[in-house]
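J.: Could you work out the structure for the sequence below:
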Amino acid sequence: MAHTALVIGATGIVGQNLANRLVAEGWSVHGLARHVEHLPGTIIPVAADALDPASLRTALAGTVPTHVFFTTWTRRATERENCIANSAMVRNVLDALPEPGALVHGSLVTGLKHYLGPFEAYAQGAPPQTPFRESMPRLDVENFYYSQEDVLFEAARRLGFAWTVHRPHTVIGYAIGNLMNMGTTLAVYATLCRETGLPFVFPGSPAQWGGLTDVTDARQLASQILWAATSPAGRNMAFNVVNGDVFRWKWLWSELAAWFGIRAADYPGHATSLEQLLAGQGAAWADIARRHDLRESAFDRLASAWHTDADLGRPIECVTDMSLSRRLGFTDYRYTPDSFFDLFERLRAGRYIP
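T.: Numbering: from 1, shown residues only. Predicted structure coming up:
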């Protein structure tokens with residue numbers, strides 16, 4: 001059976017890696033985003049705003065996907081607004097499909113905020129027991145991930161397609177101008193430290209510095225999404241997805257520093273806001289970009305320090321159980337340092353860091 005994919009958010013970290021993986025597997029891939037100018041020629045561009053039903057109907061006319069992959073989100077001021085906007089995007093896309101009966105599978109990418117709560121109530125209250133498992137109940141708070149899931153579940157029942165939900169930890173991968181991009185943010189931070197003498201201080205909490213944690217390589221996530229969308233074992237399930245190893249930042253921080261040829265500063269014993277540390281560095285980055293002929297001189301097009309602060313500032317360790325998908329047949333693995341180093345190499349090759 002020929003597979004035709006519609007990837008929502010094809011220019012983001014998850015969407016780019018997924019679309020490229022599907023193309024490599026022989027799929028016909030349509031990539032939907034508001035700005036599609038930089039999509040590779042192997043992906044069919046679909047320029048539309050998922051919050052604009054009229055633009056979606058026009059853009060998707062004649063597009064008949066067998067598989068739809070939701071890999072994007074939009075940030076609003078409150079979680080109530082997040083719930084409304086992000087569930088609307090899922091609903092709008094499904095409603096705009098010209099032949100919804102052709103849909104075989106719908107995939108939704110969410111994340112560990114399923115267990116930790118939304119940004120405005122992040123990791124507050126009684127901490128969840130780790131490792132995080134898919135069988136844990138929803139928290140008794142508003143959460144736009146739950147709203148997205150409910151729209152997907154209802155549509156799957158109504159239209160008769162299978163679904164999967166994928167819950168990565170922090171995603172490490174290549175994307176420029178992305179709202180949630182720890183890997184590139186740390187690359188910019190380390191570059192600034194090397195070029196200006198700023199100390200390379202770990203900005204996170206003591207729990208994150210010394211506790212166990214994990215991350216998700218965007219390529220690992222793409223592999224699991226592909227497996228679940230094409231395997232009978234993956235139908236109608238929610239899956240955690242991480243690299244498969246665990247680490248402590250107190251070890252990895254020195255490894256990252258060494259890649260950039262700098263020394264990791266001593267940990268001060270408390271969280272230090274990276275957003276505040278980098279707030280006045282726009283001019284310094286512009287100077288670095290000029291001296292090294294980099295492609296992006298706008299600091300905020302590369303770094304998302306607020307999101308890195310949220311991830312590294314957690315007051316608990318974060319370890320994610322992947323037993324469910326492993327028992328069902330997904331056994332891929334990524335070594336976490338390589339997730340960062342591969343990204344840094346690509347950023348350097350693309351002249352985004354010197």
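J.: and the residue of the chain most remote from its centre, what are its phi and psi?
T.: Most distant from the centre of the chain: Arg291, at 31.2 Å, with distances by C-alpha atoms, centre = their mean. Dihedral pair for Arg291: phi -70, psi -30, per degrees, to the nearest 10.
J.: Mind listing what's buried along the lengthiest helix in the chain?
T.: Secondary structure of the chain per DSSP state H: the longest helix is helix 79-96. Applying a neighbour-count criterion of 16 or more other C-beta atoms under 10 Å, one finds 79, 82-83, 85-94, 96 buried in helix 79-96. Every C-beta, even on glycine, is put in place using the N, C-alpha and C of the backbone.
J.: How about stretch 177-184?
T.: The neighbour-count check on stretch 177-184 (16+ other C-beta under 10 Å) flags 177-178, 180-184 as buried.
J.: Likewise for stretch 189-205?
T.: Buried residues in stretch 189-205 (16+ other C-beta under 10 Å): 189-195, 198, 200-205.
J.: ok so, going back, can I get the buried residues of stretch 177-184 in TSV with distance to Tyr352?
T.: Shown next, in TSV, are those (distance: C-beta to C-beta, whole Å):
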residue	distance to Tyr352
Gly177	11
Asn178	12
Met180	17
Asn181	11
Met182	15
Gly183	11
Thr184	8
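J.: closest to Thr272 among those?
T.: Distance to Thr272, by C-beta to C-beta, is smallest for Met182 among the buried residues of stretch 177-184, at 15.7 Å.
J.: For Arg34, see how far away that closest one is.
T.: 23 Å (C-beta to C-beta, to the nearest Å).
J.: residue ranges for the strands of this protein, please.
T.: Using DSSP state E, the strands of the chain run over 4-8, 28-33, 44-47, 67-70, 105-109, 162-168, 171-172, 212-213, 216-217, 237-241, 247-248.
J.: Let's have those strands in a markdown table, adding mean pLDDT and distance to Tyr145.
T.: Output for the strands of the chain, formatted as a markdown table (pLDDT from 0 to 100; distance: least, C-beta to C-beta, whole Å):
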| stretch | mean pLDDT | distance to Tyr145 |
| --- | --- | --- |
| strand 4-8 | 98 | 15 |
| strand 28-33 | 97 | 20 |
| strand 44-47 | 96 | 24 |
| strand 67-70 | 98 | 11 |
| strand 105-109 | 98 | 9 |
| strand 162-168 | 98 | 8 |
| strand 171-172 | 97 | 15 |
| strand 212-213 | 96 | 20 |
| strand 216-217 | 98 | 15 |
| strand 237-241 | 98 | 10 |
| strand 247-248 | 98 | 25 |
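J.: what are the ranges of the helices in the stretch 51-200 of the chain?
T.: Ranges of helices within the stretch 51-200 of the chain are 53-60, 79-96, 113-116, 144-159, 182-196, based on DSSP state H, counting those that start in this stretch.
J.: What residues sit buried inside the shortest one?
T.: Going back to what we said before, that points to helix 113-116. Residues of helix 113-116 classed as buried by neighbour count (16+ other C-beta under 10 Å): 113-116.
J.: Make JSON lines from the residues you listed and add pLDDT to it.
T.: JSON lines is the format used below for the buried residues of helix 113-116 (pLDDT from 0 to 100):
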{"residue": "Lys113", "pLDDT": "93"}
{"residue": "His114", "pLDDT": "95"}
{"residue": "Tyr115", "pLDDT": "94"}
{"residue": "Leu116", "pLDDT": "91"}
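J.: Need those in TSV (columns: distance to Ala218).
T.: Output for these, formatted as TSV (distance: C-beta to C-beta, whole Å):
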residue	distance to Ala218
Lys113	18
His114	19
Tyr115	20
Leu116	20
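J.: ok, those vs Phe239, which is closest?
T.: Nearest member of the buried residues of helix 113-116 to Phe239, counting by C-beta to C-beta, is His114, at 11.4 Å.
J.: which residues touch the closest one?
T.: 138, 143, 145-146, 167 (C-beta atoms under 8 Å, 6 or more residues apart in numbering).
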